[in-house]
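Chemist: This is a predicted model, with the sequence first.
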Amino acid sequence: MGQKLKITGWISIGVLAGAMTTVSLQTVARGTLAPLPLEELQQLAAVFGMVKSNYVEPVDEKKLITDAIAGMVAGLDPHSVYLDKKALKDFNEGTTGKFVGVGIEISQEDGLIKVVSPIEGSPAYRAGLKPNDLIVKIDDTPVKGLTLNEGVKRMRGEPNTKVVLSVFRKDENRTFPVTIIREEIRTQSVRSKVIEPGYAWIRVSQFQERTVADFVRKVQEIYKQDPKLKGLVLDLRNDPGGYLDAAVAISAAFLPQDVTVVSANGQLAESKFTYKASPRFYARRGGDPLAQMDIVTREALRKVPLVVLVNEGSASASEIVAGALQDHQRAKLLGSQTFGKGSVQTAVCLDSAFRMDNCPSAALKLTTSRYYTPSGKSIQAKGIVPDVMIDETEEGNLFAALRTREADLQKHLNSGQGEEVKDEAREKAREEARKKLDEQLKKPAADRRAPEFGSDKDFQLLQALNQLKGLPVLISKTQVEREEEKKEN
């Protein structure tokens with residue numbers, strides 16, 4: 001089963017979470033044995049016939065059918081999607097961390113394409129695109145009216161070709177063109193460095209096919225440089241998720257053998273599972289990627305004092321890792337409450353004779369489960385609450401309240417553990433943040449840029465180091481925990 005973890009859609013159409021296997025149509029059909037709604041199906045057939053015969057110009061029958069399927073799935077939640085042949089190709093390419101495009105993570109807002117985050121080092125990143133930018137036009141085509149997949153298709157293309165994006169930047173109240181040269185995006189999902197003697201930083205920016213191998217290599221480099229490591233910072237800020245087995249493996253690198261990492265629950269038996277810190281839950285093709293780490297380093301990694309940095313952009317697989325390490329009291333979590341993407345998407349090839357990694361035609365990515373931390377807490381629409389709230393800068397977490405979370409997405413799935421309540425504190429924080437944003441816009445653009453993660457000006461990283469050293473940590477001036485959901489009676 002291919003569980004998929006993601007905030008929204010990558011320009012590569014997703015990063016598959018879990019092994020690249022497929023639930024067959026026969027398996028899915030076990031959950032659909034109830035009588036079909038014949039009257040409604042007759043209405044659908046009648047509409048199809050009317051459009052086919054009465055529309056102002058001839059229409060393609062196959063397109064009508066695929067549009068109907070896409071609309072049916074899109075109406076469920078923000079993460080269920082129909083993948084046509086082209087989108088499926090992009091989807092499969094995206095799981096490797098290598099694809100041709102501009103390099104942005106996207107969602108939809110008011111019919112426009114919203115930039116969730118540019119991929120570090122990508123053409124979009126170098127061109128200056130920012131989170132929350134809205135793409136209103138792709139070349140000469142208005143985005144309004146396009147589906148997310150259609151927008152993705154227009155932004156993708158051949159290497160060294162040009163695409164012009166018209167971008168509306170809310171905080172500057174202006175629209176401007178950005179010319180980007182497409183290129184093959186090879187995302188490096190793991191970075192690391194020894195910050196000072198005894199303390200190191202390792203950043204996982206997404207959970208890709210090769211993330212665990214890269215993680216093992218980076219950890220060994222750290223311990224080779226400083227064998228007497230006294231503390232480690234695992235940085236999951238703005239990590240949108242990815243492979244489930246990679247998340248389980250990274251968790252297992254720090255946890256005792258066989259403890260629970262994550263569980264899931266849905267309608268089908270295949271949608272109910274528990275993954276533990278053991279190779280049988282994350283090893284691919286029979287090989288344990290963590291076994292490439294020497295025994296001394298592996299044992300040291302399970303004992304080294306650990307701080308995990310998270311923020312509102314930490315989603316899905318990164319929330320699983322953070323939740324597991326927090327629940328098992330293996331690490332202290334610092335930062336901001338996470339995104340809240342705690343649902344499982346199962347990728348199904350619509351030709352049941354094929355697996356997802358060899359699917360010839362079209363596929364369905366359908367939400368099938370909710371994720372739960374080892375203690376049984378739902379991640380969905382709630383997220384992970386850090387042990388210590390830390391602001392982005394010494395002046396405060398000025399604009400975090402303006403960022404989109406899972407609970408802000410239209411038609412989002414609820415947590416399954418009670419009805420959601422309006423967060424009055426967050427609404428107040430959003431209003432304050434808007435006022436501060438107006439003040440910030442008066443400053444030069446260079447002064448408004450946030451420090452790079454891992455730099456010597458990274459305030460949250462400095463606080464994480466203080467935590468590891470037992471020094472005072474500057475608690476957030478602006479953040480409050482999002483309210484717990486009301487429990488159903």
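Modeler: Okay, I see it.
Chemist: Which strand residues bridge residue 308?
Modeler: Beta bridges link residue 308 to residue 234, residue 333, judged by DSSP bridges.
Chemist: Can you name the residues that contact it?
Modeler: 233-236, 321-322, 325-326, 331-334 (CB atoms under 8 Å, 6 or more residues apart in numbering). Every residue, glycine included, has its C-beta placed from N, CA and C.
Chemist: one more time with 7 Å, if that's ok
Modeler: Contacts here follow CB atoms under 7 Å, 6 or more residues apart in numbering; on that basis residue 308 touches 234, 236, 322, 325, 331, 333.
Chemist: State the distance from the first one to residue 344.
Modeler: Translated: residue 234. Computed as CB to CB, to the nearest Å, the residue 234 to residue 344 distance reads 23 Å.
Chemist: do the third one as well
Modeler: Applying CB to CB, one obtains 17 Å for the distance of residue 322 from residue 344.
Chemist: ok so, going back, ok, the contacts of residue 308 vs residue 142, which is closest?
Modeler: Residue 142 lies nearest to residue 236 out of the contacts of residue 308, by CB to CB, at 36.1 Å.
Chemist: Can you tell me, leaving aside adjacent residues, what's nearest to that closest one?
Modeler: Among residues not flanking residue 236 along the chain, residue 318 sits closest, at 4.2 Å (CB to CB, 6 or more residues apart in numbering).
Chemist: pLDDT wise, what is the one you found at?
Modeler: With respect to pLDDT, residue 318 has a value of 97.
Chemist: which strands and helices sit next to the strand or helix carrying it?
Modeler: Taking DSSP states H and E as the definition, residue 318 sits inside helix 317-327. Where contact means 3 or more CB pairs under 7 Å, 6 or more residues apart in numbering; DSSP states H and E, helix 317-327 is packed against helix 244-254, strand 260-266, strand 306-310.
Chemist: how does it look with 8 Å?
Modeler: For helix 317-327, the elements it packs on are helix 244-254, strand 260-266, strand 306-310, strand 332-335, judged by 3 or more CB pairs under 8 Å, 6 or more residues apart in numbering; DSSP states H and E.
Chemist: so the third one versus helix 317-327, what angle?
Modeler: Right, the one you point to is strand 306-310. 140 degrees (axes from the mean of the first three to the mean of the last three CA atoms, to 10 degrees).
Chemist: Now do strand 306-310 and helix 244-254, the angle between them.
Modeler: 150 degrees.
Chemist: on that earlier part again, please produce CSV containing the contacts of residue 308, extended by neighbour count, pLDDT and distance to residue 393.
Modeler: As requested, the contacts of residue 308 are exported to CSV (neighbours: other CB atoms under 10 Å; pLDDT from 0 to 100; distance: CB to CB, whole Å):
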residue, neighbour count, pLDDT, distance to residue 393
234, 26, 98, 21
236, 30, 98, 19
322, 29, 98, 22
325, 26, 98, 25
331, 22, 98, 23
333, 25, 98, 19
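Chemist: Just put these in JSON lines and tack on distance to residue 300.
Modeler: Conversion of those to JSON lines gives the following (distance: CB to CB, whole Å):
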{"residue": "234", "distance to residue 300": "14"}
{"residue": "236", "distance to residue 300": "21"}
{"residue": "322", "distance to residue 300": "21"}
{"residue": "325", "distance to residue 300": "16"}
{"residue": "331", "distance to residue 300": "15"}
{"residue": "333", "distance to residue 300": "21"}
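Chemist: which one of those sits closest to residue 36?
Modeler: Among the contacts of residue 308, and counting by CB to CB, the member closest to residue 36 is residue 322, at 42.4 Å.
Chemist: Let me see the contact set for that closest one.
Modeler: 236, 308, 310, 314, 333, 338, 384.
Chemist: returning to that earlier point: can you give me the angle the helix holding residue 318 makes with strand 260-266?
Modeler: In terms of direction (the same axes, to 10 degrees), helix 317-327 departs from strand 260-266 by 120 degrees.
Chemist: I'd say residue 331 and residue 307 touch.
Modeler: Yes - in this structure, residue 331 is within contact of residue 307 by CB atoms under 8 Å, at 6.3 Å.
Chemist: Need the overlap of contacts for these two.
Modeler: Taking CB under 8 Å, 6+ apart as the criterion, residue 331 and residue 307 both touch residue 234.
Chemist: Spell out the residue ranges of the strands in the stretch 351-489 of the chain.
Modeler: Assigned strands in the stretch 351-489 of the chain, in chain order: 363-372, 388-389 (criterion: DSSP state E, counting those that start in this stretch).
Chemist: Among the ones you listed, show me which one is buried the most.
Modeler: Ranked by mean neighbour count under mean count of other CB atoms under 10 Å, the strands of the stretch 351-489 of the chain are led by strand 363-372, which reaches a mean of 23.
Chemist: That one vs helix 317-327, what angle?
Modeler: Computed by the same axes, to 10 degrees, the angle separating strand 363-372 from helix 317-327 equals 20 degrees.
Chemist: Figure out how far strand 363-372 is from the centre of its chain.
Modeler: Counting by CA atoms, centre = their mean, to the nearest Å, strand 363-372 is centred 14 Å from the centre of its parent chain.
Chemist: Check the gap between the residue lying closest to residue 238 once chain neighbours are set aside and residue 382 for me.
Modeler: Leaving aside its chain neighbours, residue 238 sits nearest to residue 313 (3.7 Å; criterion: CB to CB, 6+ apart). Using CB to CB, one gets 16 Å for the distance from residue 313 to residue 382.
Chemist: So for those two, which sits in the more crowded spot?
Modeler: Neighbour count, other CB atoms under 10 Å: between residue 313 and residue 382, residue 382 has more, with 26 against 23.
Chemist: can you give me the helices for the protein?
Modeler: Using DSSP state H, the helices of the chain run over 25-29, 38-54, 61-74, 85-94, 123-126, 148-155, 211-225, 244-254, 279-282, 295-303, 317-327, 424-440, 445-448, 459-469.
Chemist: quick one: low-confidence parts of the stretch 1-150 of the chain?
Modeler: 1-34, 90, 92-98 (pLDDT under 70).
Chemist: On the pLDDT front, check residue 482 for me.
Modeler: Per-residue confidence (pLDDT) for residue 482: 68.
Chemist: same question, the one 5 residues further on
Modeler: Residue-level confidence at residue 487 comes out at 40, pLDDT.
Chemist: And residue 202, by the same measure?
Modeler: So, for residue 202, pLDDT stands at 98.
Chemist: Return the distance of it relative to residue 474.
Modeler: For residue 202, the distance to residue 474 (CB to CB) stands at 23 Å.
Chemist: For the two, work out which one has more neighbours and name it.
Modeler: Higher neighbour count among residue 202 and residue 474: residue 202, with 19 against 14, using other CB under 10 Å.
Chemist: shouldn't residue 288 be in contact with residue 279?
Modeler: Yes - counting by CB under 8 Å, residue 279 is a contact partner of residue 288 at 4.0 Å.
Chemist: The most centrally placed residue in the chain and residue 298, how far apart?
Modeler: When CA atoms, centre = their mean is applied to the chain, the residue found nearest the centroid is residue 240 (2.5 Å). As for residue 240, its distance to residue 298 is 28 Å (criterion: CB to CB).
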